[in-house]
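A.B. asks: Structure, please.
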Amino acid sequence: ESLNLEQYVEEFSAHGVDGPRLLHLDGAKLKALGVGSSQDRAVLKRKLKELSLAVEKERKAQEKAEKQREKQKKKDQEQ
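C.D. replies: Residues are numbered from 1 along each chain as shown. Take a look at the predicted model:
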């Protein structure tokens with residue numbers, strides 16, 4: 001799904017906006033990066049929120065898996 005926001009790639013890159021930094025952009029920061037259209041900012045903010053939620057969900061899943069591995073390792077050592 002293309003958001004048709006390619007015109008912002010160069011400006012974001014010039015300001016060192018990468019994946020982790022992208023997740024911390026708010027409306028004011030997007031505007032400062034040259035996203036003048038309120039509609040484009042709204043789309044970006046919505047998609048960034050979705051991405052942030054997905055990242056958090058993945059992080060929690062990894063933590064849960066790690067805890068299960070540690071629990072299993074401890075159980076195996078007790079036997």
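A.B. asks: pLDDT wise, what is Val55 at?
C.D. replies: Looking at Val55, its pLDDT is 94.
A.B. asks: what sits against it?
C.D. replies: Applying CB atoms under 8 Å, 6 or more residues apart in numbering to Val55 gives the contacts Leu23. For glycine as for every other residue, the C-beta is placed from the backbone atoms N, C-alpha and C.
A.B. asks: State the distance from Ser11 to Leu5.
C.D. replies: Not Ser; residue 11 is Glu. In this view, Glu11 and Leu5 are 11 Å apart by CB to CB, to the nearest Å.
A.B. asks: And for Lys73, the neighbour number?
C.D. replies: Per other CB atoms under 10 Å, the neighbour tally for Lys73 reads 10.
A.B. asks: whoops, Arg41 was the one
C.D. replies: Look at Arg41: counted by other CB under 10 Å, it has 19 neighbours.
A.B. asks: and what of Leu33?
C.D. replies: Here the number of neighbours of Leu33 (other CB under 10 Å) works out to 17.
A.B. asks: That one touches Tyr8, doesn't it?
C.D. replies: Yes: taking contacts as CB atoms under 8 Å, Leu33 lies within contact range of Tyr8: 7.0 Å.
A.B. asks: anything in contact with each of the two?
C.D. replies: Counting by CB under 8 Å, 6+ apart, Leu33 and Tyr8 have no contacts in common.
A.B. asks: Mind checking what secondary structure Val17 has?
C.D. replies: Three-state call for Val17 (DSSP: H, G, I helix; E, B strand; the rest coil): coil.
A.B. asks: Please name the residues that touch it.
C.D. replies: Applying CB under 8 Å, 6+ apart to Val17 gives the contacts Leu25, Leu33.
A.B. asks: how much space between it and Gln72?
C.D. replies: 40 Å.
A.B. asks: what comes into contact with the lowest-mean-pLDDT helix or strand in the chain?
C.D. replies: Sorted by mean pLDDT, DSSP states H and E, the helices and strands of the chain end with helix 19-22, the least confident at a mean of 90. For helix 19-22, contacts defined as CB under 8 Å, 6+ apart pick out Phe12, Leu48, Leu51.
A.B. asks: Done for today, thanks.
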